[in-house]
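> only geometry, no sequence info:
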C-alpha cells in the first residue's frame, strides 16, 4: 500500500481547490480564557458536505483517469464519508454507489441521495458492509474509495492542516479527533513538511480508544465494541493510518462522553457554530487538561457539523 | 431628537472598528436553491456579544466625552442590548448599570455580569423598567443608551449594512428583522448613501407586527401584547426609527412563528451556524414568498445567535 508524501499533499491542494472551501479559522476569547491558551479553530464544519471528508473524497475522485472514473466510484460508510464520495462524484459527473447499513439514520441516506448517490442497503455489520461492497466493486469495476486507509484520502485530508499552518504558522500543537486516523495522518504529513516543531496530538473518545491502546501496546489493535457519543470516531485504525499514528503523532489524549457533550454544547453556545460530537473531542481534551497547554498556541480542527438535531444531545438543562 | 445621517455612520465605522468584528458574509447553495435567488448572509451572530447590538452600544459609549463617560452608562433591556452596553462600557473602562426585569432568563443576567455590568432588578413591566432607569440616571448622571431610539445607536447599527454593501455591492434588496427598528433604520442610511437602487425590506413576526400596522395606518402604533417566539422583536418602534421605517423602508413582510422556527432550524442544520429566532425572520419570509425574489441578489442580516439551548425550540422531530 503506497504511503503518501508531502508532494501528494501539494498535488491534492491544487486538485481539490475548485471543489472545496478554504474554511475560516475562528478564535474565541471565551475559550482562550477557559483553557488559558490561544486557540485557533479550523472550521471544517463549514466545509462542503459539513465535514473535512470532502477533501479526501475529492482528491481521490478527481485524481482518477477518465476511463477509470467513468466506471464510477464506491464506498461503504454510514457517515460523512458517504456524503463526501457522493458529492465529489457528482462534481466529477460520475456515478457513486454507497453501501450503507439498513439502520443508518434517515438524514444520512437523504444527504447521499441529495448528491445523487446510489444506495445499496446491507445488514448493519462491518462484515456485511465489506462483503456487499466487494461484490459490487467486482461486478461494476467501480473505484473503491476507503474512508481513511487510502493514500489519496490521507493526502486530501492533509490539506486541512496545510491551510491552518499557512494562516497561523507558529503553533505549539495541533489537535485533531482520531477515528480511523485519516485526518491525523494527513495532519502529520503537513506538519512534518511545514512546521516540524509543532506537536500533533490526537483526541480520542475514552469509549473508542483503539489508537491510544495500540500505541501503548506497540501494535495495531482494533476497536472492540466501541461505545461513544462521537459517532464519527468508532472506526479502527488501518494499516496505513497506523503507520502515521505510531510514528509521527506525539500523543493521544482521551475524553469521556460527558466531557465531549459539554464541549460541543459550549461551542454551539459560545462560538455560535454547530459542531458534531466527534468534532468536540479536541476541545474536551483541552478543557480537561488545561495545565498541559498553558500559554501555548494551539490549532484545533473542528472536523464536522453534521449533528442530528432531532436527538440533539447538546440541548440539556 | 437629532436624526443621524451618513456622516454619522462613517464616524461610527471608524469609532467602533477596534471593538467589533467585521463579520463574515456567508452563502449557501442549499438556500439559494430553495429560494431561487442568490442570498448573502451577514453573520452578526458571530459579532461580539453574539449580536449586531455591539455596534450601536460601542458607537454610543465610545463617542462620549471622557467627563461624561466617567459617570457611567445605563440602559434597560432584557436582551442583547444589555450585554452590548455592558461589553462596550467594559472596553471603555466605565461603569454600566442595566435595569433588567426580575423574570429575565438567568443566561441573560450571567452575560451582563460576565462583562462586569451592574444589574438593578425591577418588576417585569415596561413602566417599572423605565421608572427605575430614570430614577437611576437622575441620581447618578449616567448616560442613557436607548436600545434603538437613539441617533448614536442607529448610526452604529448602520455599519452592518455598510460592510455588507462594501463586500457585495449589487444587491437587489436587503432584508433585516424589525423589532424596535434600530437595525433597519441604520440599514436605510447606508443603503441610501451607497446603493440607492437596493430595496430595504423589513421582516417582522406576525405576532408583533406593529411596524407593518403602523405603515398601513400612516402613523406610529405601539405593539399591543406582542406574542412571538422571536423574543428580540417584541419592542415597539420609537419616534426616531418610525422616521426611517415610514419614509425609507420599501416593504414590511410578515412570518408566523412556525415559519420562523423552521427557518432557524434549517439554518442550524444546513449552514452549521447558530442563529436566534429573531434572526431567522428574514429567511422565513424568503422561503414563504420566494416568487417575489426569484433570480435576485438578496442580502440577509442574521442579527444574532443568542438562543437558549436549554429550551431549544429548534430541536424538534
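Nice, thanks for sending it over. Note that this is a predicted model, so its numbers are computed, not measured.
> now the helices for the stretch 151-300 of chain A?
Secondary structure of the stretch 151-300 of chain A (DSSP state H, counting those that start in this stretch): helices at A:151-167, A:182-194, A:210-217, A:239-247, A:257-271, A:281-288.
> tell me which of those helices lies nearest to chain B.
Chain B lies closest, by C-beta to the nearest C-beta, to one member of these: helix A:257-271, at 5.6 Å. For the C-beta atoms, the positions are set from N, CA and C on the backbone; glycine is no exception.
> which residues sit against that closest one?
If you take C-beta atoms under 8 Å, 6 or more residues apart in numbering or on different chains as the criterion, helix A:257-271 is touched by A:26, A:28, A:30-31, A:41, A:205-207, A:228-230, A:255, A:273-277, A:279-281, A:283-285, A:287-288, A:302, A:307, A:313-316, B:274, B:309.
> need the buried ones from the residues you listed selected in ChimeraX.
Buried members of the contacts of helix A:257-271, defined by 16 or more other C-beta atoms under 10 Å in any protein chain shown, are picked up in ChimeraX with:
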select /A:26,28,31,41,205,206,207,228,229,230,255,273,274,275,276,277,279,280,281,283,284,285,287,288,302,307,313,314,315 /B:274,309
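> mean pLDDT for the helices of the stretch 151-300 of chain A - can I get that in JSON lines?
Shown next, in JSON lines, are those (pLDDT from 0 to 100):
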{"stretch": "helix A:151-167", "mean pLDDT": "98"}
{"stretch": "helix A:182-194", "mean pLDDT": "98"}
{"stretch": "helix A:210-217", "mean pLDDT": "97"}
{"stretch": "helix A:239-247", "mean pLDDT": "98"}
{"stretch": "helix A:257-271", "mean pLDDT": "96"}
{"stretch": "helix A:281-288", "mean pLDDT": "98"}
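> could you export those as CSV, including distance to residue B:91?
Output for the helices of the stretch 151-300 of chain A, formatted as CSV (distance: least, C-beta to C-beta, whole Å):
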stretch, distance to residue B:91
helix A:151-167, 26
helix A:182-194, 36
helix A:210-217, 43
helix A:239-247, 45
helix A:257-271, 19
helix A:281-288, 26
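> show me the one of the ones you listed that comes nearest residue B:150.
Of all the helices of the stretch 151-300 of chain A, helix A:257-271 sits nearest to residue B:150, with 28.5 Å by C-beta to C-beta.
> number of residues surrounding residue A:182?
32 (other C-beta atoms under 10 Å in any protein chain shown).
> setting the sequence-adjacent residues aside, check what's closest to it.
The shortest distance from residue A:182 to any non-neighbouring residue, by C-beta to C-beta, 6 or more residues apart in numbering or on different chains, is to residue A:148 (3.2 Å).
> next: residue A:242.
Spatially, and ignoring its direct neighbours in sequence, residue A:242 is nearest to residue A:220 (4.5 Å; C-beta to C-beta, 6+ apart).
> quick one, phi psi at the one you found?
Main-chain torsions, residue A:220, degrees, to the nearest 10: phi -70, psi 120.
> that one reaches residue A:213, doesn't it?
No: assessed by C-beta atoms under 8 Å, residue A:220 is found out of contact with residue A:213, at 9.9 Å.
> on that earlier part again, closest one to residue B:66 among the helices of the stretch 151-300 of chain A?
Comparing these by C-beta to C-beta, helix A:257-271 comes nearest, at 32.8 Å.
> please enumerate the strands of chain A.
For chain A, the strands defined by DSSP state E occupy A:25-26, A:38-43, A:73-76, A:96-101, A:118-122, A:143-144, A:173-177, A:199-205, A:251-255, A:297-302.
> domain ranges for chain A?
Per automatic domain parsing, the domain ranges recorded for chain A read A:6-51+A:151-302, A:54-144.
> residues contacting the residue nearest to residue A:278 when sequence neighbours are not counted?
Of all residues not flanking residue A:278 in the chain, residue A:232 sits nearest, at 3.5 Å (C-beta to C-beta, 6+ apart). Residue A:232 makes contacts with A:51, A:79, A:80, A:177, A:179, A:276, A:277, A:278, A:279, A:303, A:304, as judged by C-beta under 8 Å, 6+ apart.
> equivalent analysis for residue A:179, please.
A:148, A:208, A:230, A:232, A:233, A:234, A:235, A:278.
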